[in-house]
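Asker: I'll drop the sequence and a predicted model, then ask my questions.
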Amino acid sequence: MKEVRGESKKGQVTVFVIIALLIIVFGVLIYIFYPGLNSTVTGIEENPKLYLQDCVEDVLSENVETISSQGGSMEPDSSFIYNGVPIEYLCYSSDPYAPCTPQRALLVIHIEEEIKTSTKDKVSSCFDQMAVDYRGKGYDVNLNKGDFDVTLAPNKIILTSATRFEITKDSVQKYESFDVILDNNLFELASLARTIIIWEKNEGTADPFYIMNWYPGRFDIKKVSPDGGKTAIWTIEDLNTEDTFRFASSETEWPLGIEG
Amino acid sequence: MKKSVIKIFILGIFLAIALIFLNNNFVLADNNVCCERLSTGQWCQSAPVEACDSDYRKAPTSCESTTFCSVGTCYDSQEGICESKVSQIVCNNDGGVWSEKDPEELPQCQVGCCLLGAKGANLATQSRCKELSSLYGVKTNFNPGITNELECIASTGGDEKGACVYEAGSERTCRLLTRAECGNLQENVTTTNTPEFYEGYLCSDENLGTNCGPTRETTCVVGEDEVRFVDSCGNLANIYDSSKIEDKAYWSQIIQKEDSCNFEKNNANSASCGNCDFGLGSTCKAYERGDPAKPLIGENLCRDLGCSYEGIKYKHGEQWCGEAPGTPKLTDPDQDGNYVFNGKDSKEDVTKENLPGSVFTKLTCYNNEVTVDNCYDGRQKVCIQSEINGFKNAQCMVNTWQECYGIKNEEECMDRNNRKCLWIDNTYGLGTQKTDGKSPVFQPSGLFVNGNEPGPGACVPLNAPGFDFWAGEGNGENICSLGTIMCDYHITYSLIDRYEFEKGSECIVSAEEDKRDIRPDWLAAANSRCVQIGDCGPKTNFLGYAGEKQTIAEKIFGGKNAVGDYVKADGKTIWTPEGAYTTWSQYFNSFNN
């Protein structure tokens, strides 16, 4: 009797395992063959604001990362190639023995413009796609695209769109503006970069450890010179958020001789 | 009767150089102009005219003297951002408004403290503050009276934390929040009542009657250094102090860092206290096997941010000069530029220090990591170490040696506020010198006679620099030639006195035939003077390879009985490139060859 009961238990376990496997396989198949299902389930019936956030966030994040790693520009005007990446000179001197001259003014605003320009197409296509998806769900959609701005703020990058979006099914829902928020401290990193540039302009070369000591435990600042002291590649990392900003600057050299 | 044998040699002693250094390119081209933009895209650069972008302006003056590249303040009133020291064209390109005034003089650029509610505070212009407040959905709170960032952050004191108690279903629970966050709690979580805020209290306070209580767990918090206790609801509690685990008061109210265990110590590797301090060299981290101490409670402790380098322990933030081969250890105990070499000497040992190829290094211990920085090639910067209360500091200071060579008096030479030079008393001044061969050179100055020497004493760099010989820059060869000394000698012969010096005794051992060696002490002194100029002379380089010394004697012409004349240096017959002329005709014929 005991042995019979043992076999019965084993059989039940086997059946449960098979059922569990079938459920998993079924789920995976749905995920693979119906990728649109995800957005349909989680985005569409929720909230257009969340839809836009989901739609734009990845591209916004990628663009911010690229801009941050290239000195604040998608396509730097004047750059030093470091590990295959063009890094913009934010301070440059063609005379190796003279302090550098800042090459960008209002860096924060410039970065905001760069992010805006690079994200423009995606924002537009997301609104278009949003309209299509809501229509597909049986809504009447009224889309009136407006301009958008990007603002760098402490710990946040905020994309604010003036697009008006109206959907009607049983009732009318109106959206007058949209925000996409990215957790990123590029604002403070760019501000710190500006501090370094002014130091380099005034003194010829800045010391990363002094700057780190101004903000103990908040930033990690590294300076390397791949060309033997002519160019400094600065990398500033926010230790809390792990966001980084990298830029190039001409270092003042000290003459190995005297004027002949 | 005196039968004289006149032998006139000119001994050109070229204490030639292991490394030869040159200069050319260093010269800042006088024909540079200010280019508004270079053809390679950079703004406001001093460069040769052909490097300028022809579509932009240029002026034959310094950039700061031009209208388009003069430096001032760039601002955007709408965004409320101001930046100083920006060229006009750069500012305009980036959409800013440029002013020659300093930011302090521009009303648009006056910064104050912008309070952003729960989001903290930062210094900003009023316009920027309005924009940020709008973005964060808080009322603009701008205080123009606070212009210091630390004061600004401190002024957010209204955001004191406390226990935010609320009902969630049948449970009375709690979160540690600011008053503002507590007020907004209902937007984020489902509560069945209005949350109550108890400023300064911890959620584990028994009197609050919540389901949160003390635990034996600790945690590290992003952005903070201290080890914190955690209550049973996952809220942060006070700084970890093992002696307080059973102390109900310690689990009741928020205790400030300065009132917590061992304040103002880093508590690195303390098993009992988690009051870490990044500035003092510690921060919270999870305990790992092999750590010097295991926390008595929980799994986190203050990690020592110090470093161990070549068997020596350094504190977090310490900087020190490396023991780079061929460099001395320099300190400046009185902070007056009078460097002390290796803790005892006032000058370098030229045979061991500031050798060709050597570079000073500065090392930094920061966050458990040692970074090595080269001060600069050619010892254009030297590392100076200091120590205050046992804390090491080091800096790469510019080696201001360039002016030394032209200085002719000791007082000016030793003005360490303006340059770093060393006065050598008992030697000839720098510049190619020709002695009369009589004076006991390298003797105290009073013994210089006849007045035809250029004057005793030379001003040389305190730390001998190197020159950019490999790039053909830096004028190194010319600088080293300042060490050249020529010594004439003239020996007469008479039956009574035999050979004797008319002049040349300072540099030749004896007038007697077969003893006319160059005096080793004269040679050594000339060499010593030469090597102090910089990377000149037969110096050993930083890897220990000796340089090559050539002593050249050139016999220009000789008279009767001059056959077989020679001089020796270091026991060897030295080079006579033109050979020995035994007759005047041979000498003059040499010009025709």
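Answerer: Looks like it arrived, so ask away. This is a predicted model, so every value here is computed, not measured.
Asker: for the rest of this, base every contact and every neighbour count on C-alpha atoms.
Answerer: Will do.
Asker: got the domain ranges for chain A?
Answerer: Domain assignment for chain A, taken from automatic domain parsing, gives A:1-33, A:42-62+A:112-183, A:70-104+A:186-250.
Asker: adding mean neighbour count, mean pLDDT and distance to chain B, write the ones you listed out as JSON lines.
Answerer: Listed next are the domains of chain A as JSON lines, based on neighbours: other CA atoms under 10 Å in any protein chain shown; pLDDT from 0 to 100; distance: least, CA to the nearest CA, whole Å:
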{"stretch": "domain A:1-33", "mean neighbour count": "11", "mean pLDDT": "65", "distance to chain B": "30"}
{"stretch": "domain A:42-62+A:112-183", "mean neighbour count": "17", "mean pLDDT": "91", "distance to chain B": "7"}
{"stretch": "domain A:70-104+A:186-250", "mean neighbour count": "20", "mean pLDDT": "91", "distance to chain B": "5"}
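Asker: once you drop chain neighbours, what's closest to residue 142?
Answerer: Assuming you mean chain A. A:Glu166 (4.9 Å; CA to CA, 6 or more residues apart in numbering or on different chains).
Asker: wrong chain, I was asking about chain B
Answerer: Per CA to CA, 6+ apart, closest to B:Phe142 is B:Cys114, 4.7 Å.
Asker: let's have the domains of chain A in JSON lines, adding distance to B:Ala168.
Answerer: Shown next, in JSON lines, are these (distance: least, CA to CA, whole Å):
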{"stretch": "domain A:1-33", "distance to B:Ala168": "34"}
{"stretch": "domain A:42-62+A:112-183", "distance to B:Ala168": "25"}
{"stretch": "domain A:70-104+A:186-250", "distance to B:Ala168": "31"}
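Asker: and B:Asp304, what is it in contact with?
Answerer: Taking CA atoms under 8 Å, 6 or more residues apart in numbering or on different chains, we find B:Asp304 in contact with B:Asn266, B:Ala268, B:Asn269, B:Gly281, B:Ser282, B:Thr283, B:Asn368.
Asker: so which residues on the stretch 1-150 of chain B come close to chain A?
Answerer: B:22-24, B:26-27, B:40-47, B:74-76, B:79, B:81-83, B:85-87, B:90-91, B:94, B:96, B:132, B:135 (CA under 8 Å from any CA of the partner chain).
Asker: sec struct for the residue nearest the centre of chain A, please.
Answerer: For chain A, A:Ser61 is the residue whose C-alpha lies nearest the centre (CA atoms, centre = their mean; 2.4 Å). What DSSP: H, G, I helix; E, B strand; the rest coil gives for A:Ser61 is helix.
Asker: that one and B:Leu116, how far apart?
Answerer: Taken as CA to CA, to the nearest Å, the spacing of A:Ser61 relative to B:Leu116 amounts to 25 Å.
Asker: do the same with B:Tyr405
Answerer: Counting by CA to CA, the gap from B:Tyr405 to B:Leu116 is 60 Å.
Asker: that older thread, contacting residues for the residue nearest to B:Phe142?
Answerer: Applying CA under 8 Å, 6+ apart to B:Cys114 gives the contacts B:Ala121, B:Asn122, B:Leu123, B:Ala124, B:Gln126, B:Cys129, B:Thr140, B:Asn141, B:Phe142, B:Asn143, B:Cys152.
Asker: can you count the residues close to the residue of the stretch 1-150 of chain A found nearest chain B?
Answerer: The stretch 1-150 of chain A approaches chain B most closely through A:Ala105 (5.2 Å), counting by CA to the nearest CA. Neighbourhood size, A:Ala105 [other CA atoms under 10 Å in any protein chain shown]: 30.
Asker: now the one 3 residues further on
Answerer: Residues lying near A:Val108 (other CA under 10 Å) number 23.
Asker: elements contacting the one helix or strand it maps to?
Answerer: According to DSSP states H and E, A:Val108 maps onto helix A:107-136. Contact partners of helix A:107-136 among helices and strands, from 3 or more CA pairs under 8 Å, 6 or more residues apart in numbering or on different chains; DSSP states H and E: helix A:48-69, strand A:140-144, strand A:148-153, helix A:186-203.
Asker: how about the helices in chain B?
Answerer: B:88-93, B:126-136, B:149-154, B:179-183, B:185-188, B:410-413, B:476-480, B:520-531, B:584-592 (DSSP state H).
Asker: out of those helices, which one sits most buried?
Answerer: helix B:476-480 (a mean of 24; mean count of other CA atoms under 10 Å in any protein chain shown).
Asker: that helix vs chain A: in contact?
Answerer: Yes: Helix B:476-480 comes into contact with chain A (CA under 8 Å from any CA), by way of B:Gly476.
Asker: list, one by one, the residues from the stretch 251-400 of chain B near chain A.
Answerer: Checking the stretch 251-400 of chain B against chain A by CA under 8 Å from any CA, the hits are B:Phe278, B:Gly279, B:Gly317, B:Tyr376, B:Asp377, B:Gly378, B:Gln380, B:Lys381.
Asker: the helix holding A:Val108 to helix A:48-69, inter-axis angle?
Answerer: Between helix A:107-136 and helix A:48-69, the angle comes out at 150 degrees (axes from the mean of the first three to the mean of the last three CA atoms, to 10 degrees).
Asker: what angle separates helix A:107-136 from strand A:140-144?
Answerer: 160 degrees.
Asker: quick one: helix A:107-136 to strand A:148-153, angle?
Answerer: Angle, helix A:107-136 to strand A:148-153, by the same axes, to 10 degrees: 130 degrees.
Asker: surely B:Thr327 meets B:Gly357?
Answerer: No: using CA atoms under 8 Å, B:Thr327 and B:Gly357 do not qualify as a contacting pair, with a distance of 9.8 Å.
Asker: which one of the two is surrounded by more residues?
Answerer: When neighbours are counted by other CA under 10 Å, B:Thr327 and B:Gly357 differ, and B:Thr327 comes out ahead with 28 against 20.
Asker: OK, contacts around the nearest residue to B:Pro48 once chain neighbours are set aside?
Answerer: Here the nearest residue to B:Pro48 in space, its sequence neighbours aside, is B:Asn32; by CA to CA, 6+ apart that works out to 4.4 Å. By CA under 8 Å, 6+ apart, the contact list for B:Asn32 reads B:Ser46, B:Ala47, B:Pro48, B:Val49, B:Pro60, B:Thr61.
Asker: so what's the residue count around the fifth one?
Answerer: Summarising burial for B:Pro60: neighbours were counted as other CA under 10 Å, giving 17.
Asker: what's near enough to touch it?
Answerer: B:Asn31, B:Asn32, B:Val33, B:Cys34.
Asker: state the distance from the third one to B:Val90.
Answerer: Computed with CA to CA, the distance linking B:Val33 and B:Val90 is 18 Å.
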